[in-house]
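> model the following, please.
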Amino acid sequence: MPSTRQSRRAFLRTGSVLAFGSMAVPYVFTADAQEADKPRSKNDRFRIGAIGMHNRGTYITRCAAEFGDVVAIADVDREVAEKAKATFGGKADLYEDYRKLLDRKDVDVVMIGSPDHWHTAMAINACRAGKDVFCEKPLTLTVAEGRPLVKVVEETKAVFQVGTWRRSEEHFRLACEMVRQGRLGKVERITCILGPNPQGGPFETRPVPAHLNWDMWLGQSPLVDYCPERCHKTFRWWVEYSGGQTTDWGAHHIDIAQWVADRDRTGPVKIDGKATFPNVENGYNQPIKFEARLTYDDGLEIVVLDEGRSGILVEGSKGRIFVNHAAVSGAPAEQLADSPLPPDQYRAYPHDNPAHPPGSGNTATQAHMANFFDCVKSRNIPISDVESQHRTVTMCHLANISMRLGRPIQWDATKEQCIGDDQANAMLSRPQRAGYENPA
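Down below sits the predicted model:
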């Protein structure tokens, strides 16, 4: 192992009736898609619809509830839906079919906290139903899902925020400003440490609980027997529903790497991934060990690792910094005490909400949500806009594709195609189960 690699690793260690519906039945939305394009008073309270309420879905909805009232909840698990209803005052109507929620004209904004394989369909349908959307990361399940979603957001003029809240966290914003103002010189390498994928299985299949619509939960993914480990929080350790840590924490850290380097409207030219995969029947199938190197046309390298101290290491010609949720460390950061960043040079995207500016002591998710609702009122583009997040999750997907192929791939970021590689291009999309195809 090269000595430079060793030194980097050493540094990194330092209660309502449910409204039922079959997804296979054609559906026409009646909500007015033009309503979302109207600016609103800063004093208005919004009417919120929340889709997918297990764990993170309830958390982001709790952040959103500061700005509006939760009037509708959709989840395919009745117990989860009823618990969420109680959390938000017991007045929200419950739906099993999220499209019935979208059909309500009194819903202004939608929170999407569903598993990853449902994000694209729900987001497209929400935009077309005239809603503004806050969608949890990662934005998509495949590369091919991204560009159609971007086009729908543009066509409907929806305000669309992705939940990559690190852009609203003070330490990551400071790191971005330092790099963009040249404190590290020319950026040469950015290393993103994500953490390992857990191992588990084989798992026993069980009867589907009476309170869960398992067929609808599976959606576009293959029809398989139910086991609890496929569902709810542990869904991300299955390739069928997610991209593992590469798209989970990668959606945060790789996004910051792109943002820091001012590359969040483009992509790498080469992706070289290596991984070791488990071989457990009906068990978690994300890589046990993984590493990917994504190289840009000017030589910048973004490295994705599964081990080390979680965070981002930025190396430049004049120094290096390490940033995570706790702090920005390294000599260039220490020098800020005597040489602060001048206010007239590059600054990260401003947050205008006085109650929740980044670094105010509130959580970064609260600041991120405040930015979303500010933009719903002003019709401005939010900080984690759909184009930048499509580009970020594309990098995550490409890293996973290269890992599974066990070889490098070449990428054309303009055409969004692998160059001369039919096998890799075939992996940019997946077959979708009949009746659950993403809307065109």
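> how about the closest residue to residue 143 other than its chain neighbours, what does it touch?
In this structure, residue 143 finds its nearest non-sequential neighbour in residue 428, 4.2 Å apart by CB to CB, 6 or more residues apart in numbering. Where C-beta positions appear, they are placed from N, C-alpha and C, glycine not excepted. Each residue near residue 428 by CB atoms under 8 Å, 6 or more residues apart in numbering is listed here: 142-144, 397, 401, 417-418.
> so which of these sit within helices?
Counting by DSSP state H, those place 397, 401 in helices.
> how about the helices in the stretch 251-400 of the chain?
331-334, 364-378, 386-405 (DSSP state H, counting those that start in this stretch).
> distance of the residue of the chain most remote from its centre from residue 181?
Of all residues in the chain, residue 338 has its C-alpha farthest from the mean position, at 36.8 Å, by CA atoms, centre = their mean. Separation of residue 338 from residue 181 (CB to CB, to the nearest Å): 15 Å.
> do residue 72 as well
Distance of residue 72 to residue 181, computed by CB to CB: 45 Å.
> which one's more surrounded, those two?
residue 72 (25 against 13; other CB atoms under 10 Å).
> does that one count as helix, strand or coil?
At residue 72 the chain is in strand, as set by DSSP: H, G, I helix; E, B strand; the rest coil.
> pLDDT score for it?
As predicted, residue 72 sits at a pLDDT of 98.
> could you do residue 257 as well?
The model reports residue 257 with a pLDDT of 98.
> who's in contact with it?
Residue 257 neighbours (CB under 8 Å, 6+ apart): 190, 192, 302, 312, 314.
> count the neighbours of the last one for me.
Per other CB under 10 Å, the neighbour tally for residue 314 reads 27.
> which stretches of the stretch 301-440 of the chain form strands?
For the stretch 301-440 of the chain, the strands defined by DSSP state E, counting those that start in this stretch occupy 301-305, 311-316, 319-323, 328-329, 409-412, 417-418.
> next: the stretch 151-300 of the chain.
Here the stretch 151-300 of the chain has its strands, by DSSP E, counting those that start in this stretch, at 160-162, 187-193, 270-276, 289-295.
> and for the stretch 1-150 of the chain?
Counting by DSSP E, counting those that start in this stretch, the strands of the stretch 1-150 of the chain are 46-51, 68-74, 93-95, 109-112, 132-135.
> can you add distance to residue 363 and give these back as a markdown table?
Output for the strands of the stretch 1-150 of the chain, formatted as a markdown table (distance: least, CB to CB, whole Å):
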| stretch | distance to residue 363 |
| --- | --- |
| strand 46-51 | 18 |
| strand 68-74 | 18 |
| strand 93-95 | 27 |
| strand 109-112 | 16 |
| strand 132-135 | 15 |
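> was I right about residue 429 contacting residue 142?
Yes: with contact defined as CB atoms under 8 Å, residue 429 reaches residue 142; the gap is 5.2 Å.
> between the two, tell me which one has more neighbours.
The neighbour comparison of residue 429 against residue 142 (other CB under 10 Å) goes to residue 142, with 21 against 13.
> got the contact list for the more buried one?
Counting by CB under 8 Å, 6+ apart, residue 142 has contacts 397, 428-430.
> the residues you listed into TSV, with extra columns for distance to residue 125?
Converted to TSV, those look like this (distance: CB to CB, whole Å):
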residue	distance to residue 125
397	22
428	22
429	19
430	19
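> in helices, which of those residues appear?
Judged by DSSP H, helices contain the following of those: residue 397.
> okay if I get the contacts of residue 142 as a markdown table plus distance to residue 284 and pLDDT?
Shown next, in a markdown table, are those (distance: CB to CB, whole Å; pLDDT from 0 to 100):
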| residue | distance to residue 284 | pLDDT |
| --- | --- | --- |
| 397 | 19 | 98 |
| 428 | 24 | 98 |
| 429 | 23 | 98 |
| 430 | 19 | 97 |
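> if we can go back for a sec, ranking the helices of the stretch 251-400 of the chain by burial, who's on top?
helix 386-405 (a mean of 25; mean count of other CB atoms under 10 Å).
> in PDB, please show the C-alpha coordinates belonging to that helix.
What follows is helix 386-405, C-alpha atoms only, in PDB (Å, rounded to 0.1, in the frame of the first residue of the first chain):
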ATOM      1  CA  VAL A 386     -33.100  18.300  -7.700                       C
ATOM      2  CA  GLU A 387     -30.300  18.700 -10.300                       C
ATOM      3  CA  SER A 388     -27.500  18.700  -7.800                       C
ATOM      4  CA  GLN A 389     -28.900  15.800  -5.900                       C
ATOM      5  CA  HIS A 390     -29.500  13.800  -9.100                       C
ATOM      6  CA  ARG A 391     -25.800  14.400  -9.900                       C
ATOM      7  CA  THR A 392     -24.800  13.300  -6.400                       C
ATOM      8  CA  VAL A 393     -26.800  10.100  -6.300                       C
ATOM      9  CA  THR A 394     -25.700   9.300  -9.900                       C
ATOM     10  CA  MET A 395     -22.100   9.100  -8.500                       C
ATOM     11  CA  CYS A 396     -23.300   6.800  -5.700                       C
ATOM     12  CA  HIS A 397     -25.000   4.500  -8.200                       C
ATOM     13  CA  LEU A 398     -22.000   4.500 -10.500                       C
ATOM     14  CA  ALA A 399     -19.800   3.500  -7.600                       C
ATOM     15  CA  ASN A 400     -22.100   0.600  -6.800                       C
ATOM     16  CA  ILE A 401     -22.200  -0.500 -10.500                       C
ATOM     17  CA  SER A 402     -18.400  -0.500 -10.700                       C
ATOM     18  CA  MET A 403     -18.200  -2.500  -7.500                       C
ATOM     19  CA  ARG A 404     -20.600  -5.100  -8.800                       C
ATOM     20  CA  LEU A 405     -18.800  -5.300 -12.100                       C
END
